[in-house]
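**Student:** With the sequence up front, the predicted model follows.
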Amino acid sequence: FLMGRLTAYALVLSRKDPLIQVTVSVIGAYMTFIVAEHYLHVSGVIAVMLAGITLGRHTSWRISAPQRAFFKQFWGYSAFLANSLVFLLVGLSSVELFARMRVFETGELGLAIMLAIIAAVLARALAVFSFVPALNRFLPDGPIGWRFQVVMSWGGLRGAVALALVLSLDQGFVDRDLILAMTLGVVLFTILVSGGTMGPLIHRLRLDTPGLIDQWSGAEAAFLASRSAADALADLDEKEPFRITVLQGARRRFREKLEQAEFTLAQTWAALRASPKLARRSLWSQAVALEQNGYHHLFEIGVISEEAFEKLQLLVDLKQEAVRLERLPPPVAAHEPLTTGWKAKMRSNFPARQPGTEELFQDVIEEGLSDMVLNQRRRQELKIGYEYEFAMFEVAAGVAEQIAQLAEQHALDEVVAAGCVGAYQALREQSLRRLMTAAADEPALVEQLQALILRRHALSAANNMLDEFVARGLISEDVAAQTRSSLE
């Protein structure tokens, strides 16, 4: 946990250079492993895993989308390279291994590998079919069906981790060669047999058929993509270098794709209208997704801080989980008022019934020492809370409007849509009241916060325009940087 937090802090400091960030993450992983294995004498693999979870929790909202993509590509390739090296080492070791093991000629090695495979498959099945039914009693979103249990049992793939553990054994370990051969046999069986038959097994169990909500999501995505493609071709002029017949053929093909996607989408909406429960869930799923996108946009353009975005992201995660569990409407977390009145707060902190207490408090107020009383921490809390409420006020109105238009467009039951739309309208009104209360309690500080938010809005629009000019080649990067500095 500590190494994960330290690595996260280092990543934030180096946010402007993705190469340095990747280097920091690599150093953090190796340092965690070394400290755990050689100094704390605990599992380095588990320590690295926990550090990675902590790192992801504290940095997912602090780095931009391109940086996250760069991280994913780097560590994806690193994982591929590590797996390849492990199997290469096993291959090199196997040649010498089979040459040393004379029992291979008598078939005893093959029998040992077969027994290891059977034991691994049976142990996996015993673990799944014994513990999952017991856990089903405590799962809030329903039991895990037998079909999924079959997939869990047959899909117990063993790979690089098992081989790495065996290779880490000392050369003098008893029966090390036999253990290595048995492990290699189990790994090859699970990869070639279990992995190769997983697709047919899932199809046989009919687990690859998407539900109605997933069908609706796919149809919506296909329709929007096809419409964008058709519109792009429609905007092209029938001029050189495109021949008219080629252009018209491309337009016709994508119009057909658009018509097919529109027909599929209409069918899914008809099925949703026939099931008010699923329609209600789909609307809430769309609403929460729109809410999340709205918060992320405000964070990307710099209107809200990292701390406020972290709280909003946690709220969205809770809503998504509630929608998944069909707990609708999702519960809204209760929050304390943005300001409770710093004067009353400080009055309660003075020693009660002490001589001169009230006079001292009045002197503080009369002498205008509010900046001393209202400490920096309280200012920071109010700033984060104000950004938090402003983001909900800004986003809730747009979500309510889009959900209402979506329900009207597809002729959904008004009762089904009213709950979702009304919840976001109420959220907007609640946030507005809290913002107005904060402005009444701390007018000077709120005025500064409002000026800061407006400045961020303006700078975001200016930066977007400068980025567009740079992309079009109208100005250079140096000119854009100078302009940004002058605006700030």
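**Tutor:** Sure thing, it's come through. Residues are numbered from 1 along each chain as shown.
**Student:** C-alpha from now on. contacts and neighbour counts both.
**Tutor:** Noted.
**Student:** any idea how far residue 133 is from residue 83?
**Tutor:** 34 Å (C-alpha to C-alpha, to the nearest Å).
**Student:** ugh, wrong one, residue 206
**Tutor:** Counting by C-alpha to C-alpha - residue 206 and residue 133 are separated by 21 Å.
**Student:** who's more crowded, those two?
**Tutor:** Comparing residue 206 with residue 133 by neighbour count (other C-alpha atoms under 10 Å), the higher total belongs to residue 133, at 15 against 11.
**Student:** helix/strand/coil for the more buried one?
**Tutor:** Of the three states, residue 133 takes helix under DSSP: H, G, I helix; E, B strand; the rest coil.
**Student:** residues contacting it?
**Tutor:** Contacts for residue 133 (C-alpha atoms under 8 Å, 6 or more residues apart in numbering) come out as 143-144.
**Student:** distance of the nearest residue to residue 453 once chain neighbours are set aside from residue 389?
**Tutor:** In this structure, residue 453 finds its nearest non-sequential neighbour in residue 303, 5.7 Å apart by C-alpha to C-alpha, 6 or more residues apart in numbering. Using C-alpha to C-alpha, we find residue 303 at a distance of 12 Å from residue 389.
**Student:** Next: residue 109.
**Tutor:** Relative to residue 389, and taking C-alpha to C-alpha, residue 109 is found at 68 Å.
**Student:** Going by how many neighbours each has, rank these two and give me the top one.
**Tutor:** The residue with more neighbours, out of residue 109 and residue 389, is residue 389; 22 against 18, by other C-alpha under 10 Å.
**Student:** So which elements touch the longest helix anywhere in the chain?
**Tutor:** As assigned by DSSP state H, the longest helix anywhere in the chain is helix 65-100. Helices and strands touching helix 65-100, by 3 or more C-alpha pairs under 8 Å, 6 or more residues apart in numbering; DSSP states H and E, are helix 18-34, helix 160-167, helix 176-189.
**Student:** relative to helix 176-189, how tilted is that helix?
**Tutor:** 130 degrees (axes from the mean of the first three to the mean of the last three C-alpha atoms, to 10 degrees).
**Student:** what's next to the helix or strand hosting residue 322, contact-wise?
**Tutor:** Using DSSP states H and E, residue 322 sits within helix 306-324. Helix 306-324 has contacts (C-alpha under 8 Å, 6+ apart) with 61-62, 281, 284-285, 288, 291-292, 295-296, 299, 328-331, 333, 384-385, 387-388.
**Student:** again with stretch 443-461
**Tutor:** With C-alpha under 8 Å, 6+ apart as the criterion, stretch 443-461 contacts 301-304, 379, 383, 386, 438-439, 487-488.
**Student:** Give me the buried positions along that stretch.
**Tutor:** Across stretch 443-461, burial judged by 16 or more other C-alpha atoms under 10 Å covers 446, 449, 453, 456, 459-460.
**Student:** go on, stretch 273-293?
**Tutor:** Neighbour counts using 16+ other C-alpha under 10 Å place 273, 276, 278-288, 290-292 of stretch 273-293 among the buried residues.
**Student:** Could you give the average pLDDT over stretch 328-348?
**Tutor:** The pLDDT scores in stretch 328-348 average 53.
**Student:** which two of the contacts of stretch 443-461 lie the greatest distance from each other?
**Tutor:** Greatest spacing in the contacts of stretch 443-461, by C-alpha to C-alpha: 438 and 487 (29.4 Å).
**Student:** between those two, who's got more neighbours?
**Tutor:** A direct count of neighbours by other C-alpha under 10 Å for residue 438 and residue 487 places residue 438 higher, at 21 against 11.
**Student:** From residue 245, how far off is the more buried one?
**Tutor:** Note on residue 438: its distance to residue 245, by C-alpha to C-alpha, is 64 Å.
**Student:** cool, residue 263 as well?
**Tutor:** 27 Å.
**Student:** Looking at those two, which is more packed in?
**Tutor:** residue 263 (14 against 10).
**Student:** what's the average pLDDT for the strand or helix carrying that one?
**Tutor:** Assigned by DSSP H and E, residue 263 falls within helix 244-274. Averaging pLDDT along helix 244-274 yields 81.
**Student:** ok, then the element right after it?
**Tutor:** Next along from helix 244-274, by DSSP H and E: helix 276-300.
**Student:** chain center to that next one: distance?
**Tutor:** Centre-to-centre, helix 276-300 and its host chain are 14 Å apart (C-alpha atoms, centre = their mean, to the nearest Å).
**Student:** What are the phi and psi values at residue 205?
**Tutor:** phi -80, psi 0 (degrees, to the nearest 10).
**Student:** and it, how many neighbours?
**Tutor:** The burial count for residue 205: 14, using other C-alpha under 10 Å.
**Student:** Distance from the host helix or strand of residue 380 to the middle of the chain?
**Tutor:** Using DSSP H and E, residue 380 maps to helix 376-409. Relative to the centre of its chain, helix 376-409 is centred 20 Å away, using C-alpha atoms, centre = their mean.
**Student:** tell me the angle that helix makes with helix 276-300.
**Tutor:** 140 degrees.
**Student:** Just name whatever secondary elements helix 376-409 is in contact with.
**Tutor:** Using 3+ C-alpha pairs under 8 Å, 6+ apart: helix 376-409 touches helix 276-300, helix 306-324, helix 414-441, helix 443-471.
**Student:** Please tell me how far the very next helix or strand once past the longest one is from the chain's geometric centre.
**Tutor:** So that's helix 443-471. Using DSSP H and E, the helix or strand that follows helix 443-471 towards the C-terminus is helix 477-487. The chain centre lies 33 Å from the centre of helix 477-487; the measure is C-alpha atoms, centre = their mean.
**Student:** Offset the numbering so it begins at 36, please.
**Tutor:** Let's use 36 as the start, then, which means that last one is helix 512-522.
**Student:** In helix 512-522, which residues are buried?
**Tutor:** For helix 512-522, by 16+ other C-alpha under 10 Å, it's residue 515.
**Student:** Equivalent analysis for stretch 447-464, please.
**Tutor:** Residues of stretch 447-464 classed as buried by neighbour count (16+ other C-alpha under 10 Å): 447, 451-452, 454-456, 458-464.
**Student:** and it, C-alpha only, in CSV?
**Tutor:** Taking Å, rounded to 0.1, in the frame of the first residue of the first chain, the C-alpha atoms of stretch 447-464 are listed here in CSV:
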residue,chain,number,x,y,z
LEU,A,447,-41.3,4.7,-24.0
ASP,A,448,-43.9,4.7,-21.2
GLU,A,449,-43.9,8.1,-19.5
VAL,A,450,-43.9,6.4,-16.1
VAL,A,451,-40.8,4.5,-16.9
ALA,A,452,-38.9,7.6,-18.0
ALA,A,453,-40.3,10.0,-15.4
GLY,A,454,-38.5,8.3,-12.5
CYS,A,455,-35.1,8.8,-14.1
VAL,A,456,-35.7,12.3,-15.5
GLY,A,457,-37.2,13.4,-12.2
ALA,A,458,-34.3,12.1,-10.2
TYR,A,459,-31.8,14.1,-12.2
GLN,A,460,-34.0,17.2,-12.1
ALA,A,461,-34.2,16.8,-8.3
LEU,A,462,-30.4,16.4,-8.2
ARG,A,463,-30.0,19.6,-10.1
GLU,A,464,-32.3,21.5,-7.8
